[in-house]
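1. My questions concern the predicted model and sequence given below.
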Amino acid sequence: MGKKNQEGITIKKEENFTEWFIQLMQKAELAEYSKVSGFIIYRPAAYTLWEKIKEEIDKEFKKIGIQNCYFPVLIPESLFQKEKDFVKGFSPEVAWVTEAGNTKLPERLAFRPTSEAIMYDSYSKWIRSWRDLPLLLNQWNNVIRWDTNNPVPFFRGREFLWNETHTCFETEKKALEHGKKVMQAYSKVTKNLMAVPAIYGKKTDKEKFAGAIFSEKNHTYLQNGKVLENTCFHHDGQKFAKAYDVKFKNKEGKEQFVWQNTHAISTRELGGMLALHSDNKGIVLPPQIAPNKIVIIPVRFEQEKKVLKKAKEISKALNKFNPILDKRLEVTPGYKFNEWELKGIPLRIELGPRDLEKQEVIIAKRNTGEKVAIKIKDLKKEIPKLLEKMQTELYETAKKSLENAKTKTENKKELIKLIQKQKIVMVPMCKNPTCEDHLKAETSGGKTLFIDPENNPVKNKKCIICNKQADYWVYCGKTY
RNA sequence: GGGGCGGUAGUAUAGCCUGGUAGUAUUUCAGGUUUGGGACCUGACGACCGCGGUUCAAAUCCGCGCCGUCCCA
């Protein structure tokens, strides 16, 4: 632990969200730009968090029978081209390998933007009988999608890390039931570990995954008014099964196509969590995901050898919270406070001669900054309570900003104003995709987010764009 | 995809208009004094995004590219 990273964040989150987030990323040593546009370097501070997310989700996946595997990063063009909606959706963003050394390859190879093509080709060989089902496979990997828009670290880049779960079932009913279980597994982790609230909802046909029957996603609201598409569930029906010939003989001896789902969580959600909770002093980490939950800062311990001795004792006693004991002499306590706040350690324990006399310590909670004095003998009992409180506070605060952002209108002018005011707005719309194009043009980039999960009635409601009979209420807003 | 602005040490910047010795702060390293919200002193290391052009001479002017950022599609 050298003396490093000098300066705090100089831009306020409320004033310029993007610039604040980029400073957070760089000054807290989360990530860095690479030499290639749209590709970032995940430094240990960020990658450790990603590992934790992976670990927790993986545990949940195993409970519902999903196994991990690994497929190659390159996919031959001929294989890639089989499902036409999928091809149409992904072709503009595919990076191709055309040469190896000095040899031009006989067939272009796609760097996977997602792995349906290569996985389902194997599935068609592996699945023969109803006894081979369900097939529940997942891989943790990276994908490349050559987005031409301005990249934003974590939120929009050309490479991201994720999981892709691709499952096969005998019946649609079984597929849908299992799909729900996967989404529950995700939600458990995003809520309990990451303290990220979300609204679950179905995408419109225009916004659904290329090749899917329907897509459902969790949606997280960030304080700059943008909605982050979180964990997702694409139900593929039998579309890919037909394109890739994934068939089985059912119990009656008849040949049938499998029913399939796809699920994912990506490093975008890691960015979302960081952006959601962090503040003008730096990262705020939900205690559950924080690798080090406590930092102990002994004060004036050079003169008071007793202080350091006690600090070591406390550190040992609180071992299970993986505390950092900051013994550096070359920097002042104030410097340490700022540095660990930037890095996002949930609780800070201050211990000096004055506290020692009273047999207590000062504990500062990162999210609110509040300080409390706690008797040293009560630490083991009180710290879990403080951590739990902080975890709940982070979730509730984020949930409140999400709820506050939700609103409703049937008037187009008002919709435009509300989107400008960073709201997510429920409006009646018809299913015509042209209306969604108009929506985007008139709200300078607003999109449909998800169809009203509560299915409020739309009888006698007019589409906010074309004025014809509306088909559903749908939430609109801006996204990353 | 179109347009604006920018790129100088690990980081943040001055110098650019008007071409000629790259300055400052912080970081890092060494030594000393310090320690309850970013301490101080001394010394050292460290940079002009890339390629081409103009010129006796380019961080500076011109062109192209790359990277960043904002706006529009």
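-> Great, that's in hand.
2. measure the closest residue to RNA strand B within the stretch 251-400 of chain A to A:A311 for me?
-> Using C-beta to the nearest atom of the strand, A:G352 is the residue of the stretch 251-400 of chain A that sits closest to RNA strand B, at 2.0 Å. (Each C-beta comes from the backbone N, C-alpha and C, glycine too.) Taking C-beta to C-beta, to the nearest Å as the measure, A:G352 falls 10 Å from A:A311.
3. do A:P333 as well
-> Distance, A:P333 to A:A311, using C-beta to C-beta: 12 Å.
4. tell me the domain boundaries of chain A?
-> Following automatic domain parsing, chain A resolves into domains at A:17-277, A:294-402, A:409-479.
5. Mind putting these into a markdown table with mean neighbour count?
-> Below are these laid out as a markdown table (neighbours: other C-beta atoms under 10 Å):
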| stretch | mean neighbour count |
| --- | --- |
| domain A:17-277 | 18 |
| domain A:294-402 | 17 |
| domain A:409-479 | 18 |
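6. Nearest to A:P286, out of those?
-> Closest of the domains of chain A to A:P286 is domain A:17-277, at 4.0 Å (criterion: C-beta to C-beta).
7. out of everything not next to it in sequence, what's closest to the residue nearest to the spatial centre of chain A?
-> Nearest to the geometric centre of chain A sits A:E269, at 1.3 Å (C-alpha atoms, centre = their mean). In space, and not counting its chain neighbours, A:E269 is closest to A:N230: 5.5 Å by C-beta to C-beta, 6 or more residues apart in numbering.
8. And that neighbour, its phi and psi?
-> Backbone geometry at A:N230, expressed as degrees, to the nearest 10, gives phi -100, psi -140.
9. List the residues that contact it.
-> A:190, A:196, A:198, A:217-220, A:265, A:269, A:272 (C-beta atoms under 8 Å, 6 or more residues apart in numbering).
10. Out of the residues you listed, the closest to RNA strand B would be?
-> Distances from RNA strand B to these, taken by C-beta to the nearest atom of the strand, are shortest for A:G272, at 16.6 Å.
11. ok, then the element right after the helix or strand hosting the closest one?
-> For A:G272, the host element (DSSP states H and E) is helix A:267-277. Next helix or strand after helix A:267-277 toward the C-terminus (DSSP H and E): strand A:294-298.
12. Please put the alpha-carbon coordinates of stretch A:348-368 into PDB.
-> Taking Å, rounded to 0.1, in the frame of the first residue of the first chain, the C-alpha atoms of stretch A:348-368 are listed here in PDB:
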ATOM      1  CA  ARG A 348     -13.700   2.900   8.800                       C
ATOM      2  CA  ILE A 349     -12.600   2.400  12.400                       C
ATOM      3  CA  GLU A 350     -10.600   5.200  13.900                       C
ATOM      4  CA  LEU A 351      -8.600   4.400  17.000                       C
ATOM      5  CA  GLY A 352      -6.500   7.000  18.900                       C
ATOM      6  CA  PRO A 353      -5.300   7.600  22.500                       C
ATOM      7  CA  ARG A 354      -8.500   9.400  23.400                       C
ATOM      8  CA  ASP A 355     -10.600   6.400  22.300                       C
ATOM      9  CA  LEU A 356      -8.300   4.000  24.000                       C
ATOM     10  CA  GLU A 357      -8.900   5.700  27.300                       C
ATOM     11  CA  LYS A 358     -12.600   5.200  26.900                       C
ATOM     12  CA  GLN A 359     -12.100   1.700  25.600                       C
ATOM     13  CA  GLU A 360     -14.000   2.500  22.400                       C
ATOM     14  CA  VAL A 361     -13.400   3.300  18.700                       C
ATOM     15  CA  ILE A 362     -15.000   5.700  16.200                       C
ATOM     16  CA  ILE A 363     -16.800   4.000  13.300                       C
ATOM     17  CA  ALA A 364     -17.600   5.900  10.100                       C
ATOM     18  CA  LYS A 365     -20.100   4.500   7.700                       C
ATOM     19  CA  ARG A 366     -19.100   5.200   4.100                       C
ATOM     20  CA  ASN A 367     -22.500   5.900   2.500                       C
ATOM     21  CA  THR A 368     -23.800   8.400   5.000                       C
END
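13. average model confidence for that stretch?
-> For stretch A:348-368, mean pLDDT is 96.
14. Strands of the stretch 151-300 of chain A, residue ranges please.
-> A:159-169, A:199-202, A:214-221, A:226-237, A:247-249, A:255-257, A:259-266, A:294-298 (DSSP state E, counting those that start in this stretch).
15. who's in contact with the helix or strand just after the last one?
-> Beyond strand A:294-298 on the C-terminal side, the first helix or strand identified by DSSP H and E is helix A:305-317. The set of residues that contact helix A:305-317 without belonging to it, under C-beta under 8 Å, 6+ apart, is A:296, A:298-301, A:323, A:325, A:327, A:349, A:351-353, A:356, A:361, A:376, A:379-380.
16. Now the terminal residues of stretch A:149-167, how far apart.
-> 32 Å (C-alpha to C-alpha, to the nearest Å).
17. And stretch A:367-386, by the same measure?
-> OK, stretch A:367-386 end separation, C-alpha to C-alpha: 11 Å.
18. contacting residues around it?
-> The contact list for stretch A:367-386 (C-beta under 8 Å, 6+ apart) reads A:277, A:279, A:284, A:293-294, A:310, A:314, A:317-318, A:321, A:346-347, A:355, A:358-365, A:390, A:393-394, A:397.
19. what about the residue lying farthest from the centre of chain A, distance to A:P353?
-> Distance to the chain centre peaks in chain A at A:Q303, reaching 47.0 Å (criterion: C-alpha atoms, centre = their mean). Per C-beta to C-beta, A:Q303 is found 8 Å from A:P353.
20. Also A:N250?
-> A:N250 sits 77 Å away from A:P353, going by C-beta to C-beta.
21. Check A:V331 too.
-> 19 Å.
22. Show me which residues of the stretch 151-300 of chain A sit near RNA strand B.
-> Selection of the stretch 151-300 of chain A residues close to RNA strand B by C-beta under 7 Å from any atom of the strand yields A:151-153, A:281, A:299-300.
23. Identify the farthest-apart pair in those residues.
-> Greatest spatial distance among these (C-beta to C-beta): A:P151 and A:R300, at 47.0 Å.
24. ok so, going back, in helices only, show me the contacts of helix A:305-317.
-> Those of these mapping onto helices are A:353, A:356, A:379-380, per DSSP state H.
25. Make a markdown table out of the domains of chain A and add distance to A:Q288.
-> Shown next, in a markdown table, are the domains of chain A (distance: least, C-beta to C-beta, whole Å):
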| stretch | distance to A:Q288 |
| --- | --- |
| domain A:17-277 | 5 |
| domain A:294-402 | 6 |
| domain A:409-479 | 26 |
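26. So for A:G8, which of those domains sits nearest?
-> Of all the domains of chain A, domain A:294-402 sits nearest to A:G8, with 6.0 Å by C-beta to C-beta.
27. Any idea how far apart the tips of the closest one sit?
-> 29 Å.
28. And for stretch A:129-145?
-> Stretch A:129-145 end-to-end distance (C-alpha to C-alpha) = 35 Å.
29. The residue of the stretch 251-400 of chain A closest to RNA strand B against A:Q303, yeah?
-> No. Look at A:G352 against A:Q303 with C-beta atoms under 8 Å: they stay out of range, at 10.4 Å.
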